[in-house]
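In: Test case, fold it:
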Amino acid sequence: MFINYNNNPVDTKLYDTTRLRQEFLTEALFKPDDICVVYSHIDRVVALGVSASTEVLALNDHINDKAFGTDSFLERRELGIINLGEKAEVRCKQQTYILEPLDALYLGKGEQDIEFVSLTDKHTSLYCLSAPAHKTYPSRLIRRSEAKVVELGSSENSNARVINQYLHPDVLPTCQLCMGATHLEPGSVWNTMPAHTHERRMEAYLYFNVKPDQVVFHFMGEPSETRHIIVRNKQLVLSPSWSIHSGCGTANYSFVWGMLGENQTFDDMDFVDMNEIK
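Out: Take a look at the predicted model:
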């Protein structure tokens, strides 16, 4: 498990490229036959990349519960999963779930004995986010067709995109975790511009559908002190509440966004005037 510590915006503006990448980017979240875990002190979010084959991967074998001070990982946490690969199975103590591509799964506080397995000849690409939880809500499978769909942007502004909201108050109740996937239309390369911050929530971006010969320029930092990180396929960027989080690709791409913090109001954003960003 990699531990990521929180960062001060005053210090962050002095980081060079290598330090920015070390502090905010996870380059290898998916490794065959492994569960990679990133624990961040930014609102105590946990990101996991699950790459299971037809051999079962048990979450208990890859997480040291002492690191969380509990007897099991979800004793005081909730977990969201989005399937970025082929058909996969998630097993819990009480129930088993089959996830097709781009299906999502919410596991409520208290779920135990979580296992993952591929149902094809390819390794899974199950991306997971976990947040502290104070209440148990029912676990639920959310099919791609059941997500709330929002279309934003325009081809004129190179930001036409479709947002699929999975873990969202209009779809199901959670303690604080929100998750969804945004897909940019062909010819569009910008997400979330004009940029924004939200002091009340952190956000994590997991970029995918980035072709091998393409990259995304992820912009971060205070609005008056922006920086960028080059991101490739299935790489994760953690965004503190004081930082903008916006991307521009060399071609269209997709990303999973996840948020946790003070509220679950999707449009609670502090937009930055285009004349003020630097």
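In: Return the residues in contact with residue 165.
Out: Contact analysis of residue 165 by CB atoms under 8 Å, 6 or more residues apart in numbering lists 147, 148, 149, 150, 171, 178, 180, 266. To be clear about C-beta, it is placed using only N, CA and C from the backbone, and glycine gets the same treatment.
In: Just the buried residues out of those residues, in PyMOL syntax.
Out: One line in PyMOL is enough to select the buried ones among those; burial here means 16 or more other CB atoms under 10 Å:
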select buried, resi 147+171+178+180+266
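In: Give me the subset of the contacts of residue 165 lying in helices.
Out: Among these, no member is found in helices (DSSP state H).
In: Turn the contacts of residue 165 into TSV, columns for pLDDT and distance to residue 9.
Out: What follows is the contacts of residue 165, written out as TSV (pLDDT from 0 to 100; distance: CB to CB, whole Å):
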residue	pLDDT	distance to residue 9
147	97	33
148	97	33
149	97	34
150	96	30
171	97	33
178	97	23
180	97	26
266	72	24
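In: Need the max-distance pair from the contacts of residue 165.
Out: Every pair in the contacts of residue 165 was compared (CB to CB); the two farthest apart turn out to be 149 and 178, at 15.5 Å.
In: picking up where we left off before, and the contacts of residue 165 as a markdown table, adding distance to residue 137?
Out: As requested, those are exported to a markdown table (distance: CB to CB, whole Å):
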| residue | distance to residue 137 |
| --- | --- |
| 147 | 17 |
| 148 | 17 |
| 149 | 23 |
| 150 | 23 |
| 171 | 12 |
| 178 | 13 |
| 180 | 17 |
| 266 | 18 |
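In: Now, the contacts of residue 165 that are in strands?
Out: Using DSSP state E, 148, 149, 150, 178, 180 are the members of the contacts of residue 165 that sit in strands.
In: I'd like these as CSV, with distance to residue 192 appended.
Out: Below are the ones in strands among the contacts of residue 165 laid out as CSV (distance: CB to CB, whole Å):
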residue, distance to residue 192
148, 18
149, 17
150, 13
178, 15
180, 13
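In: Closest to residue 13 out of those?
Out: Of all the ones in strands among the contacts of residue 165, the one with the least separation from residue 13 (CB to CB) is residue 178, at 28.4 Å.
In: Go ahead and confirm that closest one touches residue 261.
Out: No - with contact taken as CB atoms under 8 Å, residue 178 and residue 261 are classed as non-touching, separated by 9.4 Å.
In: any low-confidence regions in the protein?
Out: When residues are selected by pLDDT under 70, those of the chain lie in 65.
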